[in-house]
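# Sequence plus predicted model, see below.
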Amino acid sequence: MARGLQKLQSQQKNLAKQADKKSAHDNKKSAQAGLLFQCVVCKAQLPDPKTYKQHFENKHPKAPMPEEIKDVVA
């Protein structure tokens with residue numbers, strides 16, 4: 001019977017570990033939620049309009065500036 005008790009204790013310990021894993025934060029999802037803007041040319045995701053404008057000026061200088069970032073002060 002001693003092995004039966006160890007088995008039950010091991011199962012309970014394993015259930016506790018699995019519950020802790022489920023409650024841990026998902027860093028990828030939280031980082032993805034912060035990326036609100038998407039470049040219309042290369043589809044890169046950016047966090048704010050200022051960064052978006054800087055990206056667009058540096059990476060796509062020949063492409064026309066999107067309306068949503070024309071008035072943003074860089």
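Received it, and whenever you're ready, just let me know what you need. Residues are numbered from 1 along each chain as shown.
# The closest residue in space to residue 68 that isn't next to it in sequence - how many residues pack around it?
Counting by Cβ to Cβ, 6 or more residues apart in numbering, residue 49 is the residue found nearest to residue 68 once chain neighbours are left out, at 7.1 Å. Placement of C-beta: from N, CA and C, glycine included. Look at residue 49: counted by other Cβ atoms under 10 Å, it has 16 neighbours.
# next one: residue 13
The burial count for residue 13: 10, using other Cβ under 10 Å.
# in this structure, which spans are helices?
Counting by DSSP state H, the chain has helices at residues 2-23, 27-33, 49-59.
# just those: most buried one?
Comparing the helices of the chain by mean neighbour count (mean count of other Cβ atoms under 10 Å), helix 49-59 comes out on top with a mean of 16.
# what's it in contact with?
Contacts with helix 49-59, where a contact means Cβ atoms under 8 Å, 6 or more residues apart in numbering, come from 37, 39, 41-42, 44, 46, 63, 65-66, 68-69, 72-74.
# ok, which pair from those residues is furthest apart?
42 and 73 (23.1 Å; Cβ to Cβ).
# So for the two, which sits in the more crowded spot?
residue 42 (11 against 6).
# Next, that one: phi, psi?
Dihedral pair for residue 42: phi -110, psi 0, per degrees, to the nearest 10.
# Report the contact partners of it.
Counting by Cβ under 8 Å, 6+ apart, residue 42 has contacts 59-60.
# gap between it and residue 67?
For residue 42, the distance to residue 67 equals 18 Å [Cβ to Cβ, to the nearest Å].
# looking at this protein, which helix or strand is least sure?
Lowest mean confidence among the helices and strands of the chain (mean pLDDT, DSSP states H and E): helix 27-33, at a mean of 78.
# what sits up against that one?
residue 45.
# ok, what's across the strand from residue 46?
Applying DSSP bridges to residue 46 gives these bridge partners: residue 37.
# what's the burial count for it?
19.
# so where is the chain shaky, pLDDT-wise?
Along the chain, segments meeting pLDDT under 70 span 1-2, 23-26, 74.
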